[in-house]
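Participant: Prediction below, plus the sequence it came from.
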2 protein chains.
Amino acid sequence: MINATPPQTPHRVVIVGGGFGGLYAAKNLGRADVQVTLVDKRNFHLFQPLLYQVATGTLSPADIASPLRLVLRKNKNTEVLLDEVTDIDPAAQTLSLGSNKTLDYDTLVVATGVSHHYFGNDQWQDRAPGLKTVEDALEMRRQIYHAFEEAEKETDPKKRQEWLTFVIVGGGPTGVELAGAIGELAFHIVPEDFRHVDTTNARILLVEGMDRVLPPYPPELSAKAQTALTKLGVTVQTNTMVTEIADDAVTMRRGDETERVEAKTILWAAGVKASKMGRILAEKTGVELDRAGRVIVEADLSLAKHPNIFAIGDLAHFAHQGDRPLPGVAPVAVAQGEYVAKQIQEKMQGKTLGAFKYVDRGNLAVIGQNEAVVDLGFVRLDGFVAWLIWVFAHIYYLIEFDNKLIVMVQWGWNYITRGRGARLITGEADLLPLKVELQDSDRPKVTSDR
Amino acid sequence: MINATPPQTPHRVVIVGGGFGGLYAAKNLGRADVQVTLVDKRNFHLFQPLLYQVATGTLSPADIASPLRLVLRKNKNTEVLLDEVTDIDPAAQTLSLGSNKTLDYDTLVVATGVSHHYFGNDQWQDRAPGLKTVEDALEMRRQIYHAFEEAEKETDPKKRQEWLTFVIVGGGPTGVELAGAIGELAFHIVPEDFRHVDTTNARILLVEGMDRVLPPYPPELSAKAQTALTKLGVTVQTNTMVTEIADDAVTMRRGDETERVEAKTILWAAGVKASKMGRILAEKTGVELDRAGRVIVEADLSLAKHPNIFAIGDLAHFAHQGDRPLPGVAPVAVAQGEYVAKQIQEKMQGKTLGAFKYVDRGNLAVIGQNEAVVDLGFVRLDGFVAWLIWVFAHIYYLIEFDNKLIVMVQWGWNYITRGRGARLITGEADLLPLKVELQDSDRPKVTSDR
């Protein structure tokens, strides 16, 4: 039950996290008779399904990011707080914030998502960046384009090939899309830009531990994706485990065989673990976590014995539908955000919704221009039609109209020219070119004294 | 005279710097019977006149940046080298590079521009960032939007006002455009986004040492710009020198009066000095430098006694036309790049062009939506017509067609909605929110071991 509050004090809903789950919960409470506070560490919602396009230089971060204040500005019952939740006291119904303030709630919605998981090898993190934040994507972009530049300058053929070798660890949608995009770059987009190196000699290796790429999809689509990747020039290695990531090499094992691949660019798309709010919730509410640290939720997405605390989106482990928990994808988070917003309003009227039920409208992954795989449940597609569906689904779900417009223009232009406008090497300027004495203006700013 | 080379070896032209001067020199040598190498530390040309729009959240870096390889890909006689020139040997006609390689030239064009100048107060650099690079612009953007966020959270009225105080040092075009853009933000664009702070209480101070803003422009336009800024809500303080920049305050002197302004955001648009290639050229060729370190060039932009070395753009001090040296603006650099490209080709045929002559087509500065000042020589304009001229001049000069398209769409959208889509607070995530324990995924990457 949600605590009774005197009628003059509005019911306080605190939502932690402005991803798909949190944002859609907030949007759907905009006209409700509640007071909403959305807390996020960042000032924008990030459209993560297109983050790989930032990492490969097609889009700019702002094209797929929407300032939370802007999206929610019309909701006068809603405020956005740029802060981080560091603790929770379920008895007092308060949250501790990074700014040392506290925040009271009547209902709490936790939607803090997941971060990379290196399966106990956290030392790989610096060598093989993952793809969850804008900063991650810009770091990947920097490494990818930097590798081509170094290959252009390198005269030793062995070292040149190391710069032209890209290993993507993990064959889920992100890994497949990254491998496809890098393949397009190396084989179709940049070859004419270089004078000394032939970028079509690039070796792009997609490594997957299971027996096929896109393991959650139907086997038929996995096979089609693998065929399309191979046709593009990507080497797909399934049933292969990465056992070591060193400075310039990846060691992997396939059955009894061990192979060491020398590569300067190693990208991580393999695993995720729940954000630390999962652990905090477990400690303070006694809720159970799964092996990835996700919160095991009740049928209405609330926490056991804490009906006024909900966990949604990637953070939630929902096992009340089908054989496996619901996947950590945007459509599930959106549906859960909408459900929770409705459930909060029902409960305030003494009613309650039935269990959450996810209607799966399908799965998508793009391999390259004119090439995608789509599983709509009733039909499975690949090739150009699948690619078109992928394009329009993504534009449809982008949050703001100007984002839709800019992304459409950018994609249209790239479609015609096969160009990549956002291929900037920025940030951490001291890394490129290597061993260069910097001018003052390029030196990274001192960050500790402000 | 340019050294005679055997006919089978093409004449080697090395251009250092891919700004307006260097890029236009390279573009205009694309069909010449020479071998061109363009050396730059960065892999893109930056359209600096619009950098303030990145700093204030209207455009993304990629919107105003063009990959040098992409711009020059069709010029088969041209290669782009991502490297930094660290030294020159004019006798041997070689350049030393940061990568420890050397590069031979027959003709050298140096166009490395300028960086910030803190007039002997380099310690101010970390407190008051300048605006020359993409990283500078993102740092300004971070500070500006972060200040609004902190003001929203701050409950102490005095501290809140400090977060709402923005001091822009320097009343040239960059300072005027920054002050105008921040004024639009605070007074017209973000007020509805916040629930606790009234951003229309912001104090935006534009400080200029001379007796008027836009000192190089006709006094009539300076007066109009000042009126427009004041109308927008910006406080313009002329005849005022900044004497100290401390952590949270600026001290300034106007005649005998000293004032201390408490402000969390201090932006530097005051002075530039030549990049260090100026000093290297002076040491190795004996060429004279002016007080700002710029290279004093001959009437044909070559260095005295070194007819095969040219300095162009902001790095050059050209005093052969008018009472004052030519200003460091993009149109001068473009004209000089084109002139040098032509001169190189003339000289190879034993001919020579007359002295470089700059045809001034006018000056522009924008204050805000529908408000700019334009001096076209034969006519001076302000208001909406001036603003339209400013818009089209900038779109016309953007290097690539997709940049023109994206910037047009973005401006059109902003014009209708008064929105700012690129208002992301990114990078250096540990600074925001202050005192927050970070999740792993947001921690800045370790940069030293790669």
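Facilitator: Nice, thanks for sending it over. Numbering: from 1, shown residues only, chains lettered A, B, ... in the order given.
Participant: Setting aside sequence neighbours, what's the nearest residue to residue A:125?
Facilitator: Distance criterion C-beta to C-beta, 6 or more residues apart in numbering or on different chains; nearest residue to residue A:125, sequence neighbours excluded, is residue A:118 at 5.8 Å. Bear in mind the C-beta positions are built from the backbone N, C-alpha and C, glycine included.
Participant: Tell me which helix or strand the one you found sits in.
Facilitator: According to DSSP states H and E, residue A:118 maps onto no helix or strand at all.
Participant: number of nearby residues for it?
Facilitator: For residue A:118, the neighbour count with other C-beta atoms under 10 Å in any protein chain shown is 20.
Participant: which stretches of the stretch 251-400 of chain A form helices?
Facilitator: For the stretch 251-400 of chain A, the helices defined by DSSP state H, counting those that start in this stretch occupy A:277-285, A:330-348, A:383-397.
Participant: buried residues in the longest one?
Facilitator: With burial defined by 16 or more other C-beta atoms under 10 Å in any protein chain shown, the residues of helix A:330-348 counted as buried are A:330-341, A:343-345, A:347-348.
Participant: same question, the first one
Facilitator: Residues of helix A:277-285 classed as buried: A:277-278, A:280-282, A:285 (neighbour count, 16+ other C-beta under 10 Å).
Participant: Equivalent analysis for stretch A:217-237, please.
Facilitator: A:217, A:221-226, A:228-229, A:232-234, A:236-237.
Participant: Can you list the neighbours in contact with that stretch?
Facilitator: Residues outside stretch A:217-237 that contact it (C-beta atoms under 8 Å, 6 or more residues apart in numbering or on different chains) are A:171, A:176, A:179-180, A:182-184, A:186-187, A:200, A:202-208, A:212-215, A:238, A:252, A:254, A:363, A:365, A:367-368, A:371, A:373-375, A:380, A:382.
Participant: Which parts of the stretch 51-200 of chain A are strands?
Facilitator: A:65-67, A:78-82, A:85-89, A:94-97, A:102-104, A:107-110, A:114-116, A:165-169 (DSSP state E, counting those that start in this stretch).
Participant: Likewise for the stretch 251-400 of chain A?
Facilitator: Using DSSP E, counting those that start in this stretch, strands in the stretch 251-400 of chain A cover A:257-262, A:265-268, A:272-274, A:295-296, A:302-303, A:306-311, A:316-317, A:363-368, A:371-375, A:380-382.
Participant: Let's have those in TSV, adding mean pLDDT.
Facilitator: Below are the strands of the stretch 251-400 of chain A laid out as TSV (pLDDT from 0 to 100):
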stretch	mean pLDDT
strand A:257-262	96
strand A:265-268	97
strand A:272-274	90
strand A:295-296	98
strand A:302-303	98
strand A:306-311	98
strand A:316-317	98
strand A:363-368	86
strand A:371-375	90
strand A:380-382	89
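Participant: what's the closest of the ones you listed to chain B?
Facilitator: strand A:272-274 (9.5 Å; C-beta to the nearest C-beta).
Participant: Flag every buried residue along that closest one.
Facilitator: A:272-274.
Participant: counting contacts, what elements does it pack onto?
Facilitator: Applying 3 or more C-beta pairs under 8 Å, 6 or more residues apart in numbering or on different chains; DSSP states H and E, we find strand A:272-274 packed against strand A:114-116.
Participant: For the strand it packs on, which outside residues touch it?
Facilitator: A:125, A:130, A:132, A:268, A:271-275, A:292, A:294, A:314-315, A:328, B:439-441.
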